[in-house]
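In: A predicted structure for the sequence below; I have some questions about it.
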There are 2 protein chains.
Amino acid sequence: MEKEISQAVIRRLPRYYRYLGDLLHAGVERISSNELSVKMHVTASQIRQDLNNFGGFGQQGYGYNVPYLYEEIGKILGLNHRHNVIVIGVGNLGHAIANYISFERLSFTMIGAFDVNPELKGKKLGNVEVQLVDEIPEFLKTHDVDLAALTLPKESAEAVTQKLIANGVKAFWNFAHVDLDVPEGIVVQNVHLSDSLMQLSYNINQLKD
Amino acid sequence: MEKEISQAVIRRLPRYYRYLGDLLHAGVERISSNELSVKMHVTASQIRQDLNNFGGFGQQGYGYNVPYLYEEIGKILGLNHRHNVIVIGVGNLGHAIANYISFERLSFTMIGAFDVNPELKGKKLGNVEVQLVDEIPEFLKTHDVDLAALTLPKESAEAVTQKLIANGVKAFWNFAHVDLDVPEGIVVQNVHLSDSLMQLSYNINQLKD
DNA sequence: TGACACTTGTCAATTCTTTCACAAAGTAAA
DNA sequence: TTTACTTTGTGAAAGAATTGACAAGTGTCA
């Protein structure tokens, strides 16, 4: 059995991916953990340790091959598969996220958008038409959905999530600031904007000391 | 000199604050670390240890007084001061954030919004008029700005940030997915949506094993 | 070809974080 | 008031994460 890799490591991978993408774009062929550590303001040791969780991507005396490493981290992150996304809650944030998913050329495609408000039904969000939340079960029968972005008020988030789980959705990108209560085998990634803002507020306060 | 409190602790405070707010709202007067730990799915020990970084808020045999603790954590987080916010970049995300700041009844007020696009000038965002990025220095001469929310493309983020710093802005809520290079004494809170999405993607991938 | 500089992968040391365990101090009820 | 509970604050133990150090390869250039 493989050893479990800590979320602390996983949280850093997208950042490596981003820097490697920039290097790739700049035509850089190879990089050492030391050069990269200087750019990223982390220790070289951490980079090597992190990457080694997934196998030896580097070579002594040479460093890491940029295109290869970029590709490999992409695979680790699952960016080689397409992911179908539905957006639940078509307010300001729903629009922003829908737009975001479409513009970033990542492996995500928005295939549906839902809201409780009947007035929004039929309106366009990107290139899908908004449907009612009640229509979700029917939709899920005919579409493969890999994840749901929850951009709805916290009051309705829990109930909608349970309905989605019951209909087979296994992953959630949660912008509602509640902690969803989900069973084993369901993945939730929280983006709690208010928490982030409060942390910032704390750090602003510390500046004065 | 006071001992430095780790960001790991600070990251958890907003969550405590949220749960205490719910309890307060429900009219609960007192709670023990043990009861709270059950609700929040963390250890009671961690709650006590975290709170003790800031002083003894509880009482043996009684637990914690909910209104008092809520108030105190609010103070620690700096939510007792008002914060003036400007939003830089009036795209979809800028709209969402502007809206978010206004609706959540936190201690934040949007007092300005800026974009590079001349066509947006004069348009309303909430109850402020969009101005051009070039007008920022003039604006900062007459307004106290506590933090800037950066909802602009990564290409322009670094340059705008330097200009803001030069004009006295000390804190940034950064949605552009670049790592801003800032001097000592400047605070940055990143919200890297793509990083979050990639972490989710990794965890979706793991479900299959 | 050989010598030297470079760089990884990894074990060990260190530092940071979380959990355990319990004395001390309070509550509550008879 | 006394006794049985409850619960905090905290020092110490255990566990995780990060950093240091170096043997074992590889590239490079004379």
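Out: Sure thing, it's come through. Numbering: from 1, shown residues only, chains lettered A, B, ... in the order given.

In: where do the strands sit along chain A?
Out: Assigned by DSSP state E, chain A shows strands spanning A:30-31, A:58-59, A:63-65, A:83-88, A:108-115, A:124-125, A:128-132, A:147-150, A:171-174, A:187-190.

In: quick one, longest helix in chain A?
Out: Ordering each helix of chain A by length in residues (DSSP state H) puts helix A:7-25 first.

In: show me what it is packed up against.
Out: helix A:33-40, helix A:44-52, helix A:66-76, helix B:193-207 (3 or more C-beta pairs under 8 Å, 6 or more residues apart in numbering or on different chains; DSSP states H and E). C-beta coordinates here come from the backbone N, C-alpha and C atoms, glycine included.

In: so which of those helices gets nearest DNA strand D?
Out: helix A:44-52 (3.7 Å; C-beta to the nearest atom of the strand).

In: what pLDDT is listed against residue A:83?
Out: At residue A:83, the pLDDT value in this model is 95.

In: again with the one 4 residues further on
Out: Per-residue confidence (pLDDT) for residue A:87: 98.

In: my read is that it contacts residue A:147, right?
Out: No: when contacts are counted by C-beta atoms under 8 Å, residue A:87 is not listed as touching residue A:147 (10.1 Å).

In: most distant residue from the middle of chain A?
Out: Distance from the centre of chain A peaks at residue A:209, with 35.8 Å (C-alpha atoms, centre = their mean).

In: how about the contacts made by it?
Out: For residue A:209, no contacting residues are found, by C-beta atoms under 8 Å, 6 or more residues apart in numbering or on different chains.

In: how near is it to residue B:5?
Out: For residue A:209, the distance to residue B:5 equals 12 Å [C-beta to C-beta, to the nearest Å].

In: now residue A:31
Out: 36 Å.

In: got it, and residue A:154?
Out: Counting by C-beta to C-beta, the gap from residue A:154 to residue B:5 is 28 Å.

In: buried residues in the worst-scoring helix or strand of chain A on mean pLDDT?
Out: Within chain A, no helix or strand scores below helix A:92-103, which has a mean of 90 by mean pLDDT, DSSP states H and E. Under the neighbour-count criterion of 16 or more other C-beta atoms under 10 Å in any protein chain shown, helix A:92-103 has A:92-102 buried.

In: just stretch A:106-123 next, same as before
Out: For stretch A:106-123, using 16+ other C-beta under 10 Å, the buried residues are A:106-108, A:110-115, A:120.

In: ok, stretch A:60-75 next?
Out: A:63-66, A:69-74.

In: quick one: the nearest residue in space to residue A:32 that is not next to it in sequence and chain B, what's the gap?
Out: Nearest non-adjacent residue to residue A:32, counting by C-beta to C-beta, 6 or more residues apart in numbering or on different chains: residue A:63, 3.7 Å away. Applying C-beta to the nearest C-beta, to the nearest Å, the value for residue A:63 to chain B is 22 Å.

In: swap in residue A:94?
Out: Taking C-beta to the nearest C-beta, one finds residue A:94 at 8 Å from chain B.

In: and the pLDDT for the closest residue in space to that residue that isn't next to it in sequence?
Out: Leaving aside its chain neighbours, residue A:94 sits nearest to residue A:151 (4.0 Å; criterion: C-beta to C-beta, 6+ apart). Residue-level confidence at residue A:151 comes out at 97, pLDDT.

In: so who does residue A:151 touch?
Out: Residue A:151 makes contact with A:87-91, A:93-94, A:97, A:175-176, according to C-beta under 8 Å, 6+ apart.

In: before we move on, back to that, just how off-centre is the least confident helix or strand of chain A within its chain?
Out: What separates the centre of helix A:92-103 from the centre of its chain is 13 Å, taken as C-alpha atoms, centre = their mean, to the nearest Å.

In: make CSV out of the helices and strands packed on helix A:7-25 and add distance to DNA strand D.
Out: Below are the helices and strands packed on helix A:7-25 laid out as CSV (distance: least, C-beta to the nearest atom of the strand, whole Å):
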stretch, distance to DNA strand D
helix A:33-40, 9
helix A:44-52, 4
helix A:66-76, 13
helix B:193-207, 14
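
In: returning to that earlier point: could you give the mean pLDDT of the longest helix of chain A?
Out: 97.

In: briefly note if it comes near DNA strand C.
Out: No: remark: helix A:7-25 sits outside contact range of DNA strand C, by C-beta under 7 Å from any atom of the strand, the gap being at least 9.7 Å.

In: list the buried residues of that helix.
Out: By neighbour count on 16+ other C-beta under 10 Å, the buried set for helix A:7-25 is A:10, A:12-20, A:23.

In: what's the closest of the buried residues of helix A:92-103 to DNA strand D?
Out: Nearest to DNA strand D among these: residue A:100, at 27.3 Å, using C-beta to the nearest atom of the strand.

In: which residues touch the closest one?
Out: By C-beta under 8 Å, 6+ apart, the residues touching residue A:100 are B:92-93, B:193.

In: if we can go back for a sec, compare residue A:31 and residue B:5 (neighbour count), which wins?
Out: residue A:31 (21 against 15; other C-beta atoms under 10 Å in any protein chain shown).

In: the more surrounded of residue A:87 and residue A:147?
Out: Each of residue A:87 and residue A:147 has its neighbours counted (other C-beta under 10 Å); residue A:87 has more, 27 against 23.

In: which strand residues bridge the more buried one?
Out: Applying DSSP bridges to residue A:87 gives these bridge partners: residue A:113, residue A:149.

In: which residues of chain A lie near DNA strand C?
Out: A:32-35, A:44-45, A:48-49, A:51-52, A:56-64.
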